[in-house]
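*Asks:* Sequence isn't available, so here's the structure alone:
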């Protein structure tokens, strides 16, 4: 798996010393890295397995993978846009709103009208994580805590990055230190996993992904040359740390529980850089770009939003269909054979009838805040 001789990487410094980079790695598919879509699909299946009765570690792995990829891609978009900060932020918030809000509020409305919604105003304000942290209870939209953390990250991080635009690496590193310090302090008094619901704690992996975007643009040639080691090292770190955390979490020392998300964040961030630079002819890129897998990753937002309500019977008729066709089927088998296909059906409908049409509205943004290089926005986070 050697380096691709056709790969090129260039790094230019803008007049304001804000480092930007353009990395070309083999042929592109509409500006997307299909191997990252494939990784998203694997992350979704890990989360689904957790909610289908599997170990919580699978859910943590999937969520942290989603977070690292989001941080990596979002920070990359912001770094690659060298216009004035105001124009960058207007474009970013316009496009993020169109990508996130329609499906989120549609799902909330459907669940609320069908079965009610606990603490509805918290959810409407993207505060699901805070509501759960306060109540220490789960509900039929418990998984929305991750969407809340991402939205809180999207609200604050671009402002932070623009404020520290001349030194983005130092800015993100400072945020990581603050996040880790908060985790250590909280871990002394709160030895549960509930602290991961707080944005400055659970968002740590997003920051590792963002730092990876800076590293890629600082050292594009090195990343292009060593992509395989980044993939192998990242996957190995995530795997080893998962085995360590497979021990009873409460039996680990406090320093280990405080460390928690860092190995996952570093591992997934390394994987993101490596897969971004991987030549399309490499075995890992071909595997993750397998059409069914990458297609699932492309609709992973809808899959994530709908899967828990479908499993719980709040949306769709998976359980009614199971009762008619195979009434003696076990709960776990029903989840995989009926709830999973229903989840895919709802995500596909959402994509074709809502998300894709709404995303076309991005072109209606004011002309002065449009970015001339659409390839930077082609990889939706």
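*Replies:* Nice, thanks for sending it over. If you're wondering where the values come from, they're calculated on a predicted model, not measured in any experiment.
*Asks:* so where's the protein shaky on pLDDT?
*Replies:* 1-31, 191, 247-258, 365-381 (pLDDT under 70).
*Asks:* who touches the most centrally placed residue in the chain in this structure?
*Replies:* Centroid-nearest residue in the chain, with C-alpha atoms, centre = their mean: residue 66, separated by 2.5 Å. By C-beta atoms under 8 Å, 6 or more residues apart in numbering, the contact list for residue 66 reads 40, 43, 146, 300, 304. From N, CA and C alone the C-beta is placed, and that goes for glycine too.
*Asks:* And for the fourth one, the neighbour number?
*Replies:* Here the number of neighbours of residue 300 (other C-beta atoms under 10 Å) works out to 22.
*Asks:* May I ask you to confirm that it is in contact with residue 38?
*Replies:* No: assessed by C-beta atoms under 8 Å, residue 300 is found out of contact with residue 38, at 10.2 Å.
*Asks:* The contacts of residue 66 in helices, which ones?
*Replies:* 40, 43, 146, 300, 304 (DSSP state H).
*Asks:* Give the full set of residues in contact with the fourth one.
*Replies:* This points to residue 300. 37, 40, 41, 43, 44, 66.
*Asks:* go on, the second one?
*Replies:* Under the criterion of C-beta under 8 Å, 6+ apart, the neighbours of residue 43 are 61, 62, 63, 65, 66, 69, 300.
*Asks:* check which helix or strand covers the third one.
*Replies:* It stands for residue 63. Using DSSP states H and E, residue 63 sits within helix 56-80.
*Asks:* distance between that helix and the chain's centre?
*Replies:* Averaged C-alpha coordinates place helix 56-80 at 4 Å from its chain's average position (C-alpha atoms, centre = their mean, to the nearest Å).
*Asks:* what's the answer for stretch 185-198, then?
*Replies:* 22 Å.
*Asks:* how far does that stretch stretch from start to finish?
*Replies:* In stretch 185-198, first residue to last residue: 13 Å (C-alpha to C-alpha, to the nearest Å).
*Asks:* Can you mark which positions in it are buried?
*Replies:* 186, 187, 194, 195, 196, 197, 198 (16 or more other C-beta atoms under 10 Å).
*Asks:* Make CSV out of those and add distance to residue 114 and secondary structure.
*Replies:* As requested, the buried residues of stretch 185-198 are arranged in CSV below (distance: C-beta to C-beta, whole Å; DSSP: H, G, I helix; E, B strand; the rest coil):
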residue, distance to residue 114, secondary structure
186, 36, helix
187, 38, helix
194, 28, helix
195, 32, helix
196, 29, helix
197, 25, helix
198, 30, coil
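*Asks:* ok, so of these, who is nearest residue 161?
*Replies:* Ranked by distance to residue 161 (C-beta to C-beta), those are led by residue 198 at 20.7 Å.
*Asks:* And that closest one, how close does it get to residue 207?
*Replies:* Distance of residue 198 to residue 207, given as C-beta to C-beta, to the nearest Å: 14 Å.
*Asks:* do residue 167 as well
*Replies:* Remark: distance between residue 167 and residue 207 (C-beta to C-beta) = 15 Å.
*Asks:* And residue 176, by the same measure?
*Replies:* 5 Å.
*Asks:* For those two, work out which one has more neighbours and name it.
*Replies:* residue 207 (29 against 17).
*Asks:* Verify the stated contact: the more buried one with residue 71.
*Replies:* Yes: using C-beta under 8 Å, residue 207 is in contact with residue 71, at 6.2 Å.
*Asks:* Please list the residues outside stretch 321-334 that contact it.
*Replies:* 52, 53, 318, 319, 337, 338.
*Asks:* Residue 283: which of those is nearest?
*Replies:* residue 52 (29.3 Å).
*Asks:* that older thread, so can I have TSV of the ones in helices among the contacts of residue 66 showing distance to residue 159?
*Replies:* Listed next are the ones in helices among the contacts of residue 66 as TSV, based on distance: C-beta to C-beta, whole Å:
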residue	distance to residue 159
40	26
43	27
146	21
300	27
304	26
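*Asks:* Now the two most distant members of those residues.
*Replies:* 40 and 146 (13.3 Å).
*Asks:* More neighbours: the two, which one.
*Replies:* Between residue 40 and residue 146, residue 40 has the larger neighbour count (other C-beta under 10 Å), namely 27 against 23.
*Asks:* ok, residue 333 to residue 275 distance?
*Replies:* Between residue 333 and residue 275 the distance is 33 Å, computed by C-beta to C-beta.
*Asks:* More neighbours: which of those two?
*Replies:* Using other C-beta under 10 Å as the criterion, residue 333 and residue 275 rank with residue 275 on top: 26 against 13.
*Asks:* which other helices and strands contact the helix or strand where that one lies?
*Replies:* Counting by DSSP H and E, the element that carries residue 275 is helix 261-277. Helix 261-277 makes packing contacts with helix 34-51, helix 56-80, helix 204-218, helix 220-225, helix 227-245, helix 283-288 when contacts are defined by 3 or more C-beta pairs under 8 Å, 6 or more residues apart in numbering; DSSP states H and E.
*Asks:* mind checking how far it is from the chain centre?
*Replies:* 12 Å.
*Asks:* and the direction of the lengthiest helix in the chain versus that of helix 56-80, what angle?
*Replies:* Identified as the longest helix of the chain according to DSSP H is helix 85-115. Interaxial angle of helix 85-115 relative to helix 56-80 (axes from the mean of the first three to the mean of the last three C-alpha atoms, to 10 degrees): 150 degrees.
*Asks:* and the next element down the chain from helix 85-115?
*Replies:* Next in sequence after helix 85-115, counting helices and strands by DSSP H and E, comes helix 120-124.
*Asks:* What residues of that following helix count as buried?
*Replies:* Here helix 120-124 shows 122, 123 as buried, counting by 16+ other C-beta under 10 Å.
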